[in-house]
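Undergrad: next come a sequence and a model predicted from it.
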Amino acid sequence: MRKSRLTMVAGVLAVGALALAGCQSGGGDDGITIGIKFDQPGLGFQDGSEYTGFDVDVATYVADKLGYSADQIEWVEAISANRETMLENGQVDMIFATYSITDTRQEVVDFAGPYFIAGQDLLIRSEDAGTITGPETLNGLDLCSVSGSTSAQRVKDEFAEEVNLVEQPGYSQCAQFLLDGSVDAATTDDIILAGLAASQGDGNLQVVGNPFSTENYGVGIAEGSDLCEDINAAISEMIEDGSWEAAVTSNTEGTGYTASDANPPTVMADCSGTP
């Protein structure tokens, strides 16, 4: 009987030790999963096992304030069409991927931020500065954008009906077309263009700096997520301590880019509201 009791006690202790070990290992709680773009130089870009760009810098800062070191971050590619689904299914904890806050998206996900206010602008050859000064100066010229984007068509519809639209699979191809003289300008959000100029332009490309739309980049989180207030506090601290400005500068250096006067942004008081 005594041996049986000892065996039972030992078994209980062993189960307890295993449970404790499981808690200490963290399971799924020992890191954070963040969605970013993998193909946007200067914002979210994957080069082997390295991830760089402004979105990556902001995400890393926020994660640190949430208690996660850089080596506890799992970076996941967040393709634009999949972002809401990834949040709804719990595939990621947060998304930093030039993710504009819109009423339609807020029907299914929440946003913290914004952490940047972008605007549609033009990327040109530096030698054309002063000649191409805004979308209305593009009549008779060739304008590049990516297939499926509405950016170039907006220029044609609202500013320069005689502009010639050229579509490419990605913005990197548009930048190359600019450099070899095949097109006169490319268009999308200004910070994306600045990232392209920094990574591919070698001083030969620059952003016009005359934005003609407003895009509030937010941190996508699952609807009802309890991360909202802490993310907003981290973004505010990043702005206040100078890290935000340093991140913008380091990722757009040499392009002549200056963030619009709407920056740095003020975070929303309510993550289910609008900026």
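TA: The structure has been received and is ready for your questions.
Undergrad: in the stretch 51-200 of the chain, which spans are strands?
TA: Assigned by DSSP state E, counting those that start in this stretch, the strands in the stretch 51-200 of the chain fall at 73-77, 94-95, 109-118, 120-125, 142-146, 164-168, 185-189.
Undergrad: parallel or antiparallel, which strands does the fifth one pair with?
TA: Applying DSSP bridges to the sheet, strand 142-146 is found paired with strand 164-168 (parallel), strand 185-189 (parallel).
Undergrad: for Val108, which of those strands is the nearest?
TA: Nearest to Val108 among the strands paired with strand 142-146 is strand 185-189; the distance by C-beta to C-beta comes to 22.3 Å. Just so you know, the C-beta spots here come from the backbone N, C-alpha and C atoms, and that holds for glycine as well.
Undergrad: deepest in the core, which of the strands paired with strand 142-146 is it.
TA: strand 185-189 (a mean of 26; mean count of other C-beta atoms under 10 Å).
Undergrad: next, the angle from it to strand 120-125.
TA: 150 degrees (axes from the mean of the first three to the mean of the last three C-alpha atoms, to 10 degrees).
Undergrad: extract the C-alpha set from strand 185-189 and format it as PDB.
TA: Output of strand 185-189 as PDB, limited to C-alpha atoms (Å, rounded to 0.1, in the frame of the first residue of the first chain):
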ATOM      1  CA  ALA A 185       6.700  59.100 -64.300                       C
ATOM      2  CA  ALA A 186       5.300  56.500 -62.000                       C
ATOM      3  CA  THR A 187       2.500  56.900 -59.500                       C
ATOM      4  CA  THR A 188       1.300  55.400 -56.200                       C
ATOM      5  CA  ASP A 189       1.600  56.400 -52.600                       C
END
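Undergrad: list of residues touching it?
TA: 98, 118-124, 128, 132, 135, 138, 141-146, 149, 151-152, 155, 171, 174-175, 177-178, 193, 196, 215 (C-beta atoms under 8 Å, 6 or more residues apart in numbering).
Undergrad: re earlier: I'd like the strands paired with strand 142-146 as JSON lines, with distance to Arg105 and mean pLDDT appended.
TA: Below are the strands paired with strand 142-146 laid out as JSON lines (distance: least, C-beta to C-beta, whole Å; pLDDT from 0 to 100):
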{"stretch": "strand 164-168", "distance to Arg105": "25", "mean pLDDT": "94"}
{"stretch": "strand 185-189", "distance to Arg105": "16", "mean pLDDT": "95"}
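Undergrad: of all the ones you listed, which lies closest to Ala59?
TA: Proximity to Ala59, assessed across the strands paired with strand 142-146 by C-beta to C-beta, is greatest for strand 185-189 (17.7 Å).
Undergrad: cool, thanks, signing off.
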